[in-house]
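Enquirer: Next comes the sequence, and after it the predicted model I'd like to discuss.
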Amino acid sequence: MIKTLEKYPIATLSIVIILMLLIHLDVPNVTIMEARNFITAREIVNDNNWLLTTMNGEPRYQKPPLPTWLTAISGLIFGFKNLFGLRLPAALMVLFLGIFGYYLSLKLELSKKHSLNNSLLLITSFYVFAIISEAPWDIFAHGLMLAGLYFLFLLFEKNKSVWKNALLSGIFIGFSIMSKGPVSLFAVFLPFLISYGIVIKFKSIKSKITPLLSWVITFILVGGWWFFYVRYADPEAFLEIATKETGNWSSYNVKPFYYYWSFFTQSGLWTIPAFIGLLYPYLIKRVENKKAYKFTFWWTISAVILLSCIPEKKARYLMPVLIPLALNTGFYIQYLIENFKELTSKKETLPVFFNFGLIATIAITLPIALFFILKEDIQQYLINYILTSISAILIGVLIFKSLIKKRILQVFYLTILFMVSIFLFGLPISKSFNKNDQFKAINSLHTIETNYKINTYSIGEIAPELLWDYNGILKDIYKNETLQIPLETNFGLLIMNADIETITAELNSNYNLKLIETYNLNVGSKMKERLIRQFYLVSKK
């Protein structure tokens, strides 16, 4: 079985993505970042405006449009109410990332088995797959950048197909810029070049100056044309948004320099192997391809240092570090696969037994934890509970058995299988947390608007999740602490609880306000006020 998986690496990666991500792609609730991106894709199609992107009818140039275009196309195919279709492009980009992680590993002169393991580590690293729901556009930027770096590596290393590699690298890097601006240039591209310069050296660059110039021109044209177009077509909005976004880098969500130092924990199940893989003095003596290990090591460290220099920091910004980190961790996993049976030092064996023993223990005890979590809902999710429990216990026992026999390759694949089984059988159980008796979808507001023949406005910027569910435009009429009262005699107002007293006091002298409905889009018991709106019918006295 294992030999078959290794013989067909792309098929193996595809199967893992299908089972882990695609089967239940529509199960997770829509997040704030997803809502923003889906709204923009929907408005592209509704307005037939594919260049000057909007959200709630307002210019949204913070994000370049390539992923939005792909999502809009998928929405046209599957429908904009189909979450599977809207999430499909981002999920497939995880597979795309894994495939180019595999091919780049091969070009680093690693074996097919080692290269496949690198890619499996990459696509199962926690924030690589988790980011497709929190901030799906990031996976496009970094996945496309990795493809660009693969062809750039060929351009540097090979004397054949130089122009082809320069063109393909330029196109993919340009596509990355068209996905999230210069973010991946800083977080993936620049650390890659730094590491390449330190370890491999730029030996034959002089003979490739002309192709390299064409490469630069290509990625600037492919990546920059939309920015130039918007700057010309809508200069005022473009400059306002650009100024605000640039200011955020130094004044918004500011964290200390060392905030990212626990970056290896973002790899999830691979946290301990990832940490040990970064112990350079230990592992450099044990790996066969020292140059390749040095390359992935410095690529990882350079990325962390560069990201740490930016004052604005968020956990999800670390996702690009997981690309070289997965390749770097692969050296430690490969060392264990080849040598663990002969290892006698407890300093080397105990971390392995602890890491995978802990995973096996979690797997075996998972059914008990799920039983107490589900409680009275267990009947509703009985099939998923049974399948999750059986697979988890079986995999946990097999991991322990393989650990005792020191068969690390089997342990590694069983760990992958455990993660896949959790998503395949267990993910629907997450719906059991959707317990809010006060939940009220805002899309039902259209019925009220039709009955009263009114338009609805928002007091303050509406939460993206509410706007996505509403499926329309909700103009904000309260900006800069000024209320811009509509001209209609009758209209609807969506107001947050905190603003009700202020707004009603301002309107009471000339308008009658009648509370019609409370919309609450919180799916769980924890209430977020930004997802609650009171709907008032407003009529002139």
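Expert: Noted; the coordinates are in hand. Numbers count the residues shown, from 1 in each chain.
Enquirer: Let's test this: name the helix or strand in the protein with the lowest mean pLDDT.
Expert: helix 235-251 (a mean of 75; mean pLDDT, DSSP states H and E).
Enquirer: ok now the first helix or strand past it going along the chain, how far from the chain's centre?
Expert: For helix 235-251, the following helix or strand on the C-terminal side (DSSP states H and E) is helix 271-277. Distance of helix 271-277 from its chain centroid, counting by C-alpha atoms, centre = their mean, to the nearest Å, is 22 Å.
Enquirer: Same check on stretch 52-61?
Expert: Distance, centroid of stretch 52-61 to centroid of chain: 22 Å (C-alpha atoms, centre = their mean).
Enquirer: what mean pLDDT does it have?
Expert: For stretch 52-61, mean pLDDT is 93.
Enquirer: Identify each buried residue in it, please.
Expert: For stretch 52-61, the neighbour count (16 or more other C-beta atoms under 10 Å) marks 52-56, 59-61 as buried. Placement of C-beta: from N, CA and C, glycine included.
Enquirer: quick one: which of these is nearest to residue 38?
Expert: Using C-beta to C-beta, residue 55 is the member of the buried residues of stretch 52-61 that lies nearest residue 38, at 9.8 Å.
Enquirer: shouldn't that closest one be in contact with residue 39?
Expert: Yes. Contact status for residue 55 versus residue 39: in contact at 5.1 Å, counting by C-beta atoms under 8 Å.
Enquirer: ranges for the helices of the stretch 101-250 of the chain?
Expert: 112-123, 126-134, 136-157, 162-180, 183-184, 190-195, 209-233, 235-251 (DSSP state H, counting those that start in this stretch).
Enquirer: Please disregard the earlier target; I meant the stretch 351-500 of the chain.
Expert: Under DSSP H, counting those that start in this stretch, the stretch 351-500 of the chain gives helices at 382-404, 408-421, 445-452, 464-470, 500-507.
Enquirer: Which one of those helices lies nearest to residue 526?
Expert: Short answer: helix 464-470, nearest of the helices of the stretch 351-500 of the chain by C-beta to C-beta, at 14.1 Å.
Enquirer: Show me what the closest one is in contact with.
Expert: Residues from elsewhere that reach helix 464-470 (C-beta atoms under 8 Å, 6 or more residues apart in numbering): 30-33, 35-36, 38-39, 55-56, 441-443, 445-446, 462, 474, 494, 519, 521, 531, 533.
Enquirer: try 10 Å
Expert: Under the criterion C-beta atoms under 10 Å, 6 or more residues apart in numbering, residues 29-40, 42, 55-56, 80, 441-446, 456, 458, 461-463, 473-474, 494, 519-523, 528, 530-533 lie in contact with helix 464-470.
Enquirer: Just the buried residues of those residues.
Expert: 30, 33-40, 42, 55-56, 80, 442, 445, 456, 458, 462-463, 473-474, 494, 519-523, 530-533.
Enquirer: Of these, which belong to helices?
Expert: If you go by DSSP state H, the buried ones among the contacts of helix 464-470 have 33-40, 42, 445 in helices.
Enquirer: what's the closest of the residues you listed to residue 316?
Expert: Closest to residue 316, out of all of these and judged by C-beta to C-beta, is residue 33, at 8.9 Å.
Enquirer: Could you double-check that that closest one lies in contact with residue 130?
Expert: No. In this structure, residue 33 is not within contact of residue 130 by C-beta atoms under 10 Å, at 11.9 Å.
Enquirer: what is in contact with those two at once?
Expert: residue 316.
Enquirer: Which pLDDT value goes with the spatially closest residue to residue 97 that is not a sequence neighbour?
Expert: Spatially, and ignoring its direct neighbours in sequence, residue 97 is nearest to residue 143 (4.0 Å; C-beta to C-beta, 6 or more residues apart in numbering). We note a pLDDT of 97 for residue 143 in this prediction.
Enquirer: can I see the domain layout of the chain?
Expert: 2-341, 343-432, 442-540 (automatic domain parsing).
Enquirer: what's the most buried one of the ones you listed?
Expert: domain 2-341 (a mean of 19; mean count of other C-beta atoms under 10 Å).
Enquirer: and the end-to-end length of that domain?
Expert: End-to-end distance of domain 2-341 (C-alpha to C-alpha, to the nearest Å): 19 Å.
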